[in-house]
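[1] can you look at this prediction? I've put the sequence above it.
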Amino acid sequence: MTISPLVDQTIAAIGPLDAAAVAAAEARQGVLTKPPGSLGRLESLSIQLAGILGQPIPQITGKAVIVVAGDHGVAAEGVSAFPAEVTPQMVFNFVAGGAAINALARHAGANPGLTIAKVGYGAANIARGPAMSREDAVRCLEIGINAANEQADAGANLIAGGDMGIGNTTPSAAITAAVTGADVASVTGRGTGVDDAGLEAKIATIRRALEVNQPDGSDGMDVLTKVGGFEIGVLAGVMLGAAARNCAVVVDGFISGAAALIAWRLCPDIAQRYIAAHRSVEPGHNVGLQAMGLSPLLDMEMRLGEGTGAALAMPIVEAAAKCLAEMATFTEAGVSDGDD
Ligand SMILES: Cc1cc2ncn([C@H]3O[C@H](COP(=O)(O)O)[C@@H](O)[C@H]3O)c2cc1C
Ligand SMILES: O=C(O)c1cccnc1
């Protein structure tokens with residue numbers, strides 16, 4: 001499969017985890033001053049990080065949340081509780097530092113910046129035809145790869161994407177249904193808060209989008225082109241680009257999860273480099289995570305996107321690395337281990 005030289009090269013650079021680093025981290029976890037396994041997910045997370053970063057004692061050198069915005073033609077079908085103009089208004093809010101992701105990224109020590117790399121004036125209405133051309137889909141992936149590379153060059157090795165795009169839980173549900181084969185009703189939620197009638201209409205719209213477009217769920221490019229969105233494509237590119245640079249990819253909520261499914265279809269090995277930050281209230285999120293074999297770190301009953309769940313999980317990921325790096329071994333501390 002050839003997508004473009006940059007995308008192909010990026011996918012080719014994503015391999016399995018570093019087995020030697022995984023083995024070393026696992027062995028070290030076994031001799032640190034605690035009952036084996038007692039740090040639970042912090043232990044498995046530190047071992048996964050070792051494999052991703054290729055370091056026996058992995059160190060987080062920088063954190064980045066790349067927030068991407070996109071408009072959705074399908075918003076005209078009334079699938080959101082908010083009007084489409086909220087998307088550019090929120091972009092101004094991001095730049096001013098007043099959004100939830102600004103507060104949580106500051107809390108995590110991941111600082112925001114603004115990059116303008118326009119793909120186009122929003123995805124077309126997926127209830128009537130494809131979201132975008134193949135050229136646009138390729139451009140989305142390339143913009144995402146370049147953004148991840150910029151952050152990796154600046155020292156980040158923990159990278160998350162975040163979304164802003166009124167209507168985007170609709171393509172995310174379509175993507176999740178197409179990739180996992182789950183029924184539309186089981187992966188469709190209220191998004192920003194549509195009522196019961198709105199939810200029924202949204203499910204019908206997503207069914208129509210899948211009927212009209214017939215995406216091949218095994219083909220990430222086909223899914224992105226037919227039922228995706230610009231920010232979703234860029235987020236998939238961010239994930240591919242970050243993974244290719246041996247960075248850990250922190251997966252946020254439902255929209256990021258849909259992007260992660262697309263990147264996973266393009267490169268199955270990438271899932272080992274995903275850290276699922278939280279479980280969104282959107283029912284389709286967990287369906288997508290399960291398909292990729294991921295179990296989220298947090299369940300905070302969040303349903304916002306923007307990368308908020310990912311930013312919130314970043315200090316936990318760092319904590320996992322710090323325990324592995326900073327704890328004493330039984331021998332070092334003169335503590336008797338369980339065999340004594
Ligand atoms: C003020 C505001 C800020 C947001 N930040 C993220 N979203 C999230 O909600 C939207 C998706 O839900 P739906 O598919 O129902 O439109 C996206 O913009 C997503 O980023 C927001 C939504 C609103 C209203
Ligand atoms: O989980 C998410 O990312 C999400 C859920 C609802 C609305 N916007 C985003």
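    Cool, got the structure. Ligands and ions are numbered 1, 2, ... in the order given.
[2] for the stretch 51-200 of the chain, which segments are assigned as helices?
    Per DSSP state H, counting those that start in this stretch, the stretch 51-200 of the chain carries helices over the ranges 86-96, 100-108, 134-153, 169-180, 184-187, 196-213.
[3] Ile143 and Ala117 touch, don't they?
    Yes. Shown here, Ile143 and Ala117 form a contact pair, counting by C-beta atoms under 8 Å, at 4.6 Å. Every residue, glycine included, has its C-beta placed from N, CA and C.
[4] give me the more crowded residue out of these two.
    Neighbour count, other C-beta atoms under 10 Å: between Ile143 and Ala117, Ile143 has more, with 21 against 13.
[5] contacts only, for the more buried one.
    117, 119, 234, 237 (C-beta atoms under 8 Å, 6 or more residues apart in numbering).
[6] and what of Ala277?
    Ala277 makes contacts with 160, 250-252, 296-298, 309-310, 312-314, as judged by C-beta under 8 Å, 6+ apart.
[7] likewise Ser80?
    Ser80 makes contact with 166-167, 169-170, 191-192, 194, according to C-beta under 8 Å, 6+ apart.
[8] can you classify the closest residue to Ile14 other than its chain neighbours as helix, strand or coil?
    Of all residues not flanking Ile14 in the chain, Ala243 sits nearest, at 4.7 Å (C-beta to C-beta, 6 or more residues apart in numbering). With DSSP: H, G, I helix; E, B strand; the rest coil as the basis, Ala243 sits in helix.
[9] and Ala243, how many residues sit next to it?
    Ala243 has 27 nearby residues by other C-beta under 10 Å.
[10] how about Asn168?
    31.
[11] near ligand 2, which residues of this structure are found?
    Residues of the chain found near ligand 2 (C-beta under 6 Å from any ligand atom) are 169, 191-192, 252-255, 280, 282, 285, 303-305.
[12] which of the contacts of Ser80 sits closest to Thr225?
    Minimum distance to Thr225 across the contacts of Ser80 is 16.1 Å, recorded for Thr170 (C-beta to C-beta).
[13] just checking, that closest one touches Val79?
    Yes. In this structure, Thr170 is within contact of Val79 by C-beta under 8 Å, at 4.5 Å.
[14] need the overlap of contacts for the two.
    With C-beta under 8 Å, 6+ apart, Thr170 and Val79 have common neighbours 191, 202, 205.
[15] now do the residue lying closest to Ala313 once chain neighbours are set aside against ligand 2, distance only.
    Leaving aside its sequence neighbours, Ala313 sits nearest to Ala277 (C-beta to C-beta, 6+ apart; 3.6 Å). Ala277 is 10 Å from ligand 2, where distance means C-beta to the nearest ligand atom, to the nearest Å.
[16] need phi/psi at the residue in the stretch 151-300 of the chain positioned nearest to ligand 2.
    At 2.4 Å from ligand 2, Gly253 is the closest residue in the stretch 151-300 of the chain, using C-beta to the nearest ligand atom. Backbone torsions of Gly253, given as degrees, to the nearest 10, read phi -90, psi -140.
[17] alright, I will stop here.
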